[in-house]
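Asks: Build me a model from this:
(one chain, ligands or ions: 2)
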Amino acid sequence: MKNYVSASVLSADMLDFRNEIRKLEKSDIDMLHFDVMDGIFVNNITFGLPVLQQVRKATDMTLDVHLMIAEPLKYIKKFANFGADIISFHIESQSNTLETIKAIKECGIKAALAVKPATPAEDIFEYLPYLDMVLVMTVEPGFGGQSFMPETVDKIRSLREKISLLGLETDIEVDGGINDKTVPVVMDAGANVFVSGSYLFAAADMKAAAAALKEGKLC
Ligand code: DX5
Ligand code: ZN
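Replies: Ligands and ions are numbered 1, 2, ... in the order given. Presented below is the predicted three-dimensional model:
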């Protein structure tokens, strides 16, 4: 499977956002990961629709929108119209899972289902045939800069096994504490889309750091 790096702009300098986006483009980063938090589903509030609209105007990068909000179904159309290429929403949210997947697909974009660390892999098995991607949270959602939770690795492995068994090619994205030390572990378990915020934005050479993530080698 092809590997991808998705840069979480939660760690970007918001007052210099345009230049931060240019930097991502020049660093061979595949996607821009846009973390939306509503202060209800998680204990933090970030950015939303007007910011996404501006970002869409500023770049052709794939916009990978991660909705950490209580009622994603209400906002799917808006996020799609404002430029999302992929929308991830949480199985633990209040919206009906199948209806929300359907709403995303009706917008002609990719649908992903996200799971918090405590949610077992089995809970998403039934939705796999309808999904383009599964997002496995490798930290508790809410904040950037946390440490990777190794107990999430078995879940990645069983999801990849189930996906293969079903003859699917669903991407598995991992999010939280991903860096050059943790990426070999999640890659071995079957993940192929690597979200990274603090590691990428703190790197002296972002392009080398992104390459290290894609190759699963120590930087
Ligand atoms: C956490 C967010 C992540 C976060 C990743 O709730 O979903 O995307 O920004 O940041 P790092 O790579 O710093 O763990
Ligand atoms: Zn995220």
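Asks: The chain against ligand 2: which residues are in contact?
Replies: 35, 66, 175 (C-beta under 5 Å from the ion). Heads up, the C-betas are built off the backbone N, CA and C, glycines and all.
Asks: Name the member of those residues with the most neighbours.
Replies: Per-residue neighbour counts (other C-beta atoms under 10 Å) across the residues of the chain next to ligand 2 peak at His66, which has 28 neighbours.
Asks: Give me the secondary structure label for it.
Replies: Classification of His66 by DSSP: H, G, I helix; E, B strand; the rest coil places it in strand.
Asks: ok, it touching Met133?
Replies: No: the pair His66 / Met133 is not scored as a contact, 10.8 Å apart, by C-beta atoms under 8 Å.
Asks: one step back: turn the residues of the chain next to ligand 2 into CSV, including distance to ligand 1 and pLDDT.
Replies: Listed next are the residues of the chain next to ligand 2 as CSV, based on distance: C-beta to the nearest ligand atom, whole Å; pLDDT from 0 to 100:
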residue, distance to ligand 1, pLDDT
Asp35, 5, 98
His66, 5, 99
Asp175, 5, 98
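Asks: Looking at the residues you listed, which is nearest Phe17?
Replies: Asp35 (14.0 Å; C-beta to C-beta).
Asks: ok so that closest one is a strand residue?
Replies: Yes: checked against three-state DSSP, Asp35 lies within a strand.
Asks: Outside of the longest helix seen in the chain itself, list whatever touches it.
Replies: As assigned by DSSP state H, the longest helix anywhere in the chain is helix 153-165. Residues from elsewhere that reach helix 153-165 (C-beta atoms under 8 Å, 6 or more residues apart in numbering): 115, 120-122, 124-125, 128, 134, 136, 169-170, 172, 174, 185-186, 189-191.
Asks: And stretch 20-27, by the same measure?
Replies: Taking C-beta under 8 Å, 6+ apart as the rule, stretch 20-27 contacts 7, 9, 12-13, 32, 55, 58-59, 61, 200-201, 206-207, 209-210.
Asks: Scan those and report the most crowded one.
Replies: Ranking the contacts of stretch 20-27 using other C-beta under 10 Å puts Ala7 first, with 31 neighbours.
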